[in-house]
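J.: Task: produce atomic coordinates for the following.
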Amino acid sequence: MDDVLVLKKKHPCGSSEWKVTRVGVDIGIKCLGCGRFVMIPRRKLERKIREVVRRGIRLKPHQIAVEI
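T.: A predicted model of the protein is given here:
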């Protein structure tokens, strides 16, 4: 929760950073460029992550021991 995800593809607004706002079977993410909110299945999102920014530290997906 409240982590920032950097995804492989950019959003049409030009931003590739998303803030996690809801966690469950589906993950709620909010674009930091335009503010659009999207719900996406956890498995689909996990494949699209390039980096996770947690408390100012950039981590690669394989470095995260705890679930998103």
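
J.: quick one: the strands in this protein?
T.: Using DSSP state E, the strands of the chain run over 4-7, 17-22, 26-31, 37-41, 49-54, 57-59.

J.: Now render those as CSV, adding mean pLDDT.
T.: Listed next are the strands of the chain as CSV, based on pLDDT from 0 to 100:
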stretch, mean pLDDT
strand 4-7, 96
strand 17-22, 96
strand 26-31, 97
strand 37-41, 97
strand 49-54, 92
strand 57-59, 84
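
J.: Gly33 versus Pro41, what's the distance?
T.: 22 Å (Cβ to Cβ, to the nearest Å). C-betas here are computed from N, CA, C, even on glycine.

J.: same question, Met39
T.: From Met39 to Gly33 the distance is 18 Å (Cβ to Cβ).

J.: Kindly report the same for Glu17.
T.: Glu17 sits at a distance of 7 Å from Gly33 (criterion: Cβ to Cβ).

J.: Ok, Ile57 next?
T.: To Gly33, Ile57 is 22 Å away according to Cβ to Cβ.

J.: Give me the more crowded residue out of these two.
T.: Of the pair Ile57 and Gly33, Gly33 is the one with more neighbours under other Cβ atoms under 10 Å, namely 15 against 8.

J.: Excluding chain neighbours, what is closest to that one?
T.: Leaving aside its sequence neighbours, Gly33 sits nearest to Ser15 (Cβ to Cβ, 6 or more residues apart in numbering; 2.7 Å).

J.: again with Gly28
T.: Closest residue in space to Gly28, ignoring its immediate chain neighbours: Arg22 at 3.0 Å, by Cβ to Cβ, 6+ apart.
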